[in-house]
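> the following comprises the amino acid sequence and a computationally predicted model.
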Amino acid sequence: MSPIDPHRPMPADYAAVQDYLFSLKVRGVKFGIDRMRALVAALDHPERAVPVVHFAGTNGKGSVAAMLDAIVRAAGWRTGLYTSPHLVRLGERVQVDRRILSEAEIVAYTRELRPVAEKIGRGCADDHPSFFEFMTAMAFLQFARQRCDLALIETGMGGRLDATNVVHPEVAVITSVGLDHCEMLGGTLAEIAAEKAGIIKPGRPVVMGRVPPEAEVVIRRIAAERGAPLHSVREVFGEAVDGYPTTNIEGDYQRWNAATAVLVTRCLDARWKLTGEVIARGLHATCWPGRWQRTTIGGRPLILDASHNPEGAGVLEGHLRALVEQSGRRPVVVTGVLGAARARPLLETISRYAAEIHLVMPQQARACSFEELEALIPSAFGGMVKRAVIADVFPDAHTCAVGGPDDTVVLTGSIYLLGEVMARIEPARGAIESRLQDF
């Protein structure tokens with residue numbers, strides 16, 4: 001691995017900062033938290049300045065974090081929210097009271113962090129902090145300096161070796177466990193659960209969402225070994241979804257996420273004043289785009305949904321079935337996915353409900369090719385399958401060029417694909433920063 005050039009000029013503007021951060025990103029994912037420990041120590045431990053709730057999970061961690069953010073703000077507290085990846089702008093990853101990190105702030109933090117990172121990596125290039133570690137440090141610094149009352153920190157991948165796992169949280173949350181990122185986290189639910197349960201800290205409560213039995217055994221064992229009181233969504237709320245809290249985000253899965261958020265509030269002490277009324281108000285004011293999000297384009301219904309992995313395919317199935325039952329029509333689906341392991345279950349699900357499938361390729365190196373996607377569509381599918389590019393499907397903010405005037409269009413698959421489309425149909429978000437999206 002080539003070393004970072006210590007003679008490169010300090011980035012002077014946002015374009016130069018993007019180039020510098022991209023130079024870190026292309027060096028790849030670095031598992032392990034020793035670099036992050038060195039980085040936060042050099043920064044005088046900003047991760048200790050604000051109480052933290054720490055989230056891991058195959059799916060749902062962003063939704064649960066956003067719900068808890070809305071609840072805590074409804075009680076009058078100041079929140080920091082750290083999630084990844086971003087949809088359109090890099091600053092979306094680091095938010096205070098849902099205000100994203102500005103370009104000027106990213107420039108200032110990069111200029112501050114670069115010499116610290118170079119000192120850490122001076123002896124060995126592998127010791128230089130990664131792109132994700134840079135962003136994590138920015139979040140810790142921003143939340144400390146903005147005097148947030150509570151920081152909601154989402155892992156990037158896994159948990160045990162994730163850069164965010166330098167925190168000592170008030171509550172650890174494991175939202176779900178499914179087969180995703182298997183090349184990094186392990187090929188079984190038990191192995192993946194062990195990685196995610198790595199965020200559990202001795203004596204600190206852990207909230208467990210609805211997870212498969214194989215994963216639950218592992219999470220319970222690790223919690224018991226660490227003396228961490230475990231609170232199970234299934235034990236508290238049961239199996240019937242009718243007994244789960246409601247939220248303004250559609251779907252049974254989001255009610256499971258809402259129950260997870262509610263259970264977290266019960267683990268926080270009374271000083272937070274998270275009453276039943278506050279919780280309900282927060283759950284119905286949650287903003288988390290791209291989760292079966294209904295909108296319109298040119299007067300036509302458009303649904304944006306980031307179902308991007310095998311577990312998400314099961315959730316998508318319920319949404320599509322309900323959509324067909326409610327509307328009496330099969331939707332037109334636009335989809336693009338990263339990786340065949342993710343694409344197969346999604347395309348199998350889509351094929352059961354779609355009238356047409358328009359295949360696109362997100363602007364990411366890991367995106368499935370048209371040939372890969374076409375090979376995964378079941379032979380029994382009788383509708384039209386067409387290759388497309390996003391610029392043609394959504395030529396401007398007011399036009400969708402696929403389907404007819406009475407069709408509902410569903411855009412689903414990679415979260416990066418959703419970001420590309422949102423940048424086109426919501427130009428106020430700004431130009432997409434796609435090369436900094438992955439990881």
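All right, it came through fine. Residues are numbered from 1 along each chain as shown.

> where does the stretch 51-200 of the chain have low pLDDT?
By pLDDT under 70, the low-scoring segments of the stretch 51-200 of the chain are 181-183.

> same thing but 50
Within the stretch 51-200 of the chain, the set of residues satisfying pLDDT under 50 is empty.

> quick one, strands of it?
Remark: strands of the stretch 51-200 of the chain, listed N- to C-terminal, are 52-56, 79-82, 94-96, 99-100, 150-154, 171-174; assignment by DSSP state E, counting those that start in this stretch.

> quick check: which of the ones you listed is buried the most?
strand 171-174 (a mean of 30; mean count of other Cβ atoms under 10 Å). Any C-beta I mention is one placed from the backbone N, CA and C, and that applies to glycine too.

> other SSEs contacting it?
For strand 171-174, the helices and strands in contact under the criterion 3 or more Cβ pairs under 8 Å, 6 or more residues apart in numbering; DSSP states H and E are strand 52-56, strand 206-208, helix 252-267.

> now those in JSON lines, with distance to residue 300?
As requested, the helices and strands packed on strand 171-174 are exported to JSON lines (distance: least, Cβ to Cβ, whole Å):
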{"stretch": "strand 52-56", "distance to residue 300": "35"}
{"stretch": "strand 206-208", "distance to residue 300": "40"}
{"stretch": "helix 252-267", "distance to residue 300": "24"}
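
> residue 383: which of the strands of the stretch 51-200 of the chain is closest?
With Cβ to Cβ as the criterion, residue 383 lies closest to strand 150-154 of those, at 36.7 Å.

> angle of that closest one against strand 52-56?
Strand 150-154 and strand 52-56 meet at an angle of 20 degrees, taking axes from the mean of the first three to the mean of the last three Cα atoms, to 10 degrees as the criterion.

> and strand 150-154, how far out from the chain's middle?
Distance, stretch centre to chain centre, for strand 150-154: 13 Å (Cα atoms, centre = their mean, to the nearest Å).

> who does it touch, helix- and strand-wise?
Here strand 150-154 is seen to pack against strand 52-56, helix 61-74, strand 79-82, helix 131-145 when contacts are counted using 3+ Cβ pairs under 8 Å, 6+ apart.

> for the longest one, buried residues please.
Applying a neighbour-count criterion of 16 or more other Cβ atoms under 10 Å, one finds 131-144 buried in helix 131-145.

> stretch 405-418 now?
Residues of stretch 405-418 classed as buried under the neighbour-count rule (16+ other Cβ under 10 Å) are 407, 408, 409, 410, 411, 412, 413, 414, 415, 416, 417, 418.

> could you dump those residues to JSON lines with pLDDT and distance to residue 36?
Converted to JSON lines, the buried residues of stretch 405-418 look like this (pLDDT from 0 to 100; distance: Cβ to Cβ, whole Å):
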{"residue": "407", "pLDDT": "96", "distance to residue 36": "47"}
{"residue": "408", "pLDDT": "97", "distance to residue 36": "44"}
{"residue": "409", "pLDDT": "97", "distance to residue 36": "41"}
{"residue": "410", "pLDDT": "97", "distance to residue 36": "38"}
{"residue": "411", "pLDDT": "97", "distance to residue 36": "35"}
{"residue": "412", "pLDDT": "96", "distance to residue 36": "34"}
{"residue": "413", "pLDDT": "92", "distance to residue 36": "31"}
{"residue": "414", "pLDDT": "91", "distance to residue 36": "27"}
{"residue": "415", "pLDDT": "91", "distance to residue 36": "24"}
{"residue": "416", "pLDDT": "92", "distance to residue 36": "25"}
{"residue": "417", "pLDDT": "94", "distance to residue 36": "30"}
{"residue": "418", "pLDDT": "94", "distance to residue 36": "29"}
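
> these two touch, right, residue 117 and residue 38?
No: using Cβ atoms under 8 Å, residue 117 and residue 38 do not qualify as a contacting pair, with a distance of 9.4 Å.

> these two: who's more crowded?
residue 117 (23 against 18; other Cβ atoms under 10 Å).

> who's in contact with the more buried one?
4, 39, 128, 129, 134 (Cβ atoms under 8 Å, 6 or more residues apart in numbering).

> closest one of those residues to residue 358?
Each of the contacts of residue 117 was scored against residue 358 by Cβ to Cβ, and residue 134 proved nearest at 36.4 Å.

> for that closest one, list the residues it contacts.
Taking Cβ under 8 Å, 6+ apart as the test, what residue 134 contacts is 21, 24, 110, 113, 117.

> burial measure for residue 284, as a count.
So residue 284, with other Cβ under 10 Å, has 16 neighbours.

> from residue 241, how far out is it?
Here the distance between residue 284 and residue 241 works out to 17 Å (Cβ to Cβ, to the nearest Å).

> so how many other residues sit close to the closest residue to residue 33 other than its chain neighbours?
Distance criterion Cβ to Cβ, 6 or more residues apart in numbering; nearest residue to residue 33, sequence neighbours excluded, is residue 165 at 5.4 Å. Neighbour count of residue 165, defined by other Cβ under 10 Å: 24.

> for residue 148, same thing?
When counting by other Cβ under 10 Å, one arrives at 22 neighbours for residue 148.

> relative to residue 144, how far out is the nearest residue to it once chain neighbours are set aside?
Distance criterion Cβ to Cβ, 6+ apart; nearest residue to residue 148, sequence neighbours excluded, is residue 80 at 4.0 Å. With distances defined as Cβ to Cβ, the gap from residue 80 to residue 144 amounts to 9 Å.

> so for the two, which residues contact both of them?
Joint contacts of residue 80 and residue 144 (Cβ under 8 Å, 6+ apart) are residue 50.

> could you pull up the mean pLDDT of the helix or strand hosting residue 279?
Mapping residue 279 onto the secondary structure by DSSP states H and E places it in helix 276-283. Summarised as a single mean, pLDDT over helix 276-283 is 98.

> and the helix or strand just after that helix, what does it pack against?
Read in the C-terminal direction, the helix or strand following helix 276-283 is strand 293-297, with elements assigned using DSSP H and E. Using 3+ Cβ pairs under 8 Å, 6+ apart as the contact criterion, the elements in contact with strand 293-297 are strand 300-305.

> residues in contact with the strand it packs on?
Strand 300-305 is contacted from outside by 289-296, 316, 319, 323, 331, 400, 403, 405, 407-412, 418, 421-422, 425, using Cβ under 8 Å, 6+ apart.

> report how many residues lie close to the closest residue to residue 214 other than its chain neighbours.
Of all residues beyond its chain neighbours, the one nearest residue 214 is residue 189 (4.4 Å), with distances taken as Cβ to Cβ, 6+ apart. As a burial measure, residue 189 scores 20 neighbours (other Cβ under 10 Å).

> same check on residue 57?
Residue 57 is surrounded by 27 other residues when neighbours are defined as other Cβ under 10 Å.

> quick one: contacts for it?
For residue 57, the contacting residues are 64, 173, 174, 175, 176, 177, 196, 209, by Cβ under 8 Å, 6+ apart.
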